[in-house]
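*Asks:* sequence first, predicted coordinates after that:
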Amino acid sequence: MTSNPGSVKRLLPGDAAPALILSTNLATGAHSPRVVFNETSIVVLWNAGCSGCLPAIATYSRAAKALGVPMYGVAIMVRDLDRTIEIARQTPTDALLAHEQVDPAQGGLSRGLVTRAWLEASGQRGIPAAFLIDSGGKIAWMGPLDDAILDPLRAVFDGAWDIEAARRHWENDVSDNDVIHLGIRRDIADAMLANDLERARSLIDEAERNRPELVHDHEFAMEKLILLAAVPETAAAAGGYYDTCVRTFADDPLQTLSFTDCVLHRKVPVEMFSQAAHDALKRVEHQIDGMADQLIPRLRFHFTSARLCRRLGDEDGYQRCVDALRALAANEITSFDLKQRIAAEIHRLHEER
């Protein structure tokens, strides 16, 4: 992995592929041998919590096999290895499925060497994340595992791929700050998952001092809000910060709903945020009026509003929200699966009371 002088270390097309440090072959349980990139290869990062990952690996490993290109499907950020093995063994695929090597004492997200050196350093935010490696051991292309990989795969295999153009594209698409911020957010998430709230607070304070632009990063804002809402001592601060969040991201109704759900689920005292939430949901209501053809934002609005009404003791408001949800479920354009999900969520709402 290389970088320009004075810039953050990151992984780009044209860089040497980092070592692929694996532990267990998920199909056999044997220790995975060291991978040497001396031929065109594909590395795909996945997780058992991603329902579409293994089907995609199965599909695109067939296309790779037709060209004689090996694919390595590496399970990253694994928290339940037994479950990951079970799912892997149920999926017929031409890829070698393995688990990244991690520190056995590590908690949190279990971010192993592959997670850090491949996923986070490349700035890819989602999985399955794919990397094409040429016969010289260099990253040739990277991106999500979908049909976009097919033309680069053939071009790399034929020796006709413009690796410099791929590098320029990625540099323009993902900034150095994007890569830095991803690492910061993952460190904070690690600390919170390990219930090390002091470390999480320290990381957030350090990030706010050194990276002031993070005030505009909604994922960072959510992590800080979750932390503040996690303990009674900072409940008042959580209410104030919630108000800051919904104002900062007021143009994003789904993000506003996510912030509101956070303080509702975390049981922040309602008096600390009720007025801010009331004003925020009013804005969201106006915004979704212009989204009549989009069902999910309307469903989310009514579910969040129902929870707020319940916390406020507004039974009439709560019932209006439930009635609106039932009306949306009865709409002929609502799929059968979604109707069932809405009914299940309404039942859960009632049980939460």
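*Replies:* In hand now; what should we look at?
*Asks:* contacts, neighbours, all on C-alpha from now
*Replies:* Will do.
*Asks:* any idea of the mean pLDDT for stretch 82-99?
*Replies:* Taken as a whole, stretch 82-99 has a mean pLDDT of 91.
*Asks:* any chance you could list what contacts that stretch?
*Replies:* With contacts defined as C-alpha atoms under 8 Å, 6 or more residues apart in numbering, stretch 82-99 is touched by 22-27, 32, 47-48, 54-55, 57-59, 61-62, 65, 70-76, 78.
*Asks:* so who does Ser305 touch?
*Replies:* Ser305 neighbours (C-alpha under 8 Å, 6+ apart): Leu281, Tyr318, Cys321.
*Asks:* tell me how many other residues crowd Asn119.
*Replies:* For residue 119 the amino acid is Leu, not Asn. The number of residues packed near Leu119 is 26, by other C-alpha atoms under 10 Å.
*Asks:* what's in contact with the helix or strand containing Cys321?
*Replies:* For Cys321, the enclosing helix or strand under DSSP states H and E is helix 315-330. The contact list for helix 315-330, computed with C-alpha under 8 Å, 6+ apart, reads 295, 299, 302-303, 305-307, 309-310, 334, 338-339, 342-343, 346.
*Asks:* which among those residues count as buried?
*Replies:* With burial judged by 16 or more other C-alpha atoms under 10 Å, the buried subset of these is Leu299, His302, Phe303, Ser305, Ala306, Arg307, Cys309, Arg310, Lys339, Ile342, Ile346.
*Asks:* from Arg186, how far off is Gly68?
*Replies:* Applying C-alpha to C-alpha, to the nearest Å, the value for Gly68 to Arg186 is 36 Å.
*Asks:* next: Leu257.
*Replies:* Going from Leu257 to Arg186 by C-alpha to C-alpha gives 23 Å.
*Asks:* please say which of these two ends up with more neighbours.
*Replies:* Leu257 (22 against 18).
*Asks:* and the strand or helix carrying the more buried one, what other elements does it pack with?
*Replies:* Per DSSP H and E, Leu257 falls inside helix 253-265. Packed against helix 253-265 by the contact rule (3 or more C-alpha pairs under 8 Å, 6 or more residues apart in numbering; DSSP states H and E) you find helix 218-229, helix 235-248, helix 274-289, helix 295-312.
*Asks:* and of those, who's closest to Ala130?
*Replies:* Closest of the helices and strands packed on helix 253-265 to Ala130 is helix 218-229, at 23.1 Å (criterion: C-alpha to C-alpha).
*Asks:* how long is stretch 205-219 from one end to the other?
*Replies:* End-to-end for stretch 205-219, by C-alpha to C-alpha: 15 Å.
*Asks:* can you pull the buried residues of it?
*Replies:* Using 16+ other C-alpha under 10 Å as the test for burial, stretch 205-219 gives Ala207, Leu214, His218.
*Asks:* now do the contacts for the second one.
*Replies:* Which is Leu214. By C-alpha under 8 Å, 6+ apart, the contact set of Leu214 is His181, Ala207, Glu208, Phe220, Ala221.
*Asks:* if I've got this straight, it is in a helix?
*Replies:* Yes: in this structure, Leu214 lies within a helix as judged by DSSP: H, G, I helix; E, B strand; the rest coil.
*Asks:* how close does it sit to Asp205?
*Replies:* 11 Å.
*Asks:* buried sites along stretch 238-245?
*Replies:* Neighbour counts over stretch 238-245 (16+ other C-alpha under 10 Å) mark Ala238, Gly239, Tyr241, Tyr242, Asp243, Cys245 as buried.
*Asks:* now the third one. Nearest residue, chain neighbours left out?
*Replies:* Using C-alpha to C-alpha, 6 or more residues apart in numbering and skipping residues adjacent in sequence, the residue nearest Tyr241 is Leu225, 6.7 Å away.
*Asks:* so the one you found is in contact with Gly240, correct?
*Replies:* No: if you go by C-alpha atoms under 8 Å, Leu225 and Gly240 don't touch, sitting 9.7 Å apart.
*Asks:* distance check, the residue sitting nearest the centre point of the chain against Ile204.
*Replies:* The centre of the chain sits closest to Gly126, judged by C-alpha atoms, centre = their mean, with a distance of 5.5 Å. For Gly126, the distance to Ile204 (C-alpha to C-alpha) stands at 23 Å.
*Asks:* check which helix or strand Ile346 maps to.
*Replies:* Using DSSP H and E, Ile346 falls in helix 336-352.
*Asks:* still on that earlier bit, quick one, which of the helices and strands packed on helix 253-265 is nearest to Leu113?
*Replies:* Across these, closest to Leu113 is helix 218-229 (C-alpha to C-alpha), at 23.0 Å.
*Asks:* any chance you could list what contacts the closest one?
*Replies:* 185, 188-189, 192, 197, 200-201, 204, 214-215, 234-235, 237-238, 241-242, 245, 249, 255, 259, 262-263, 266-268.
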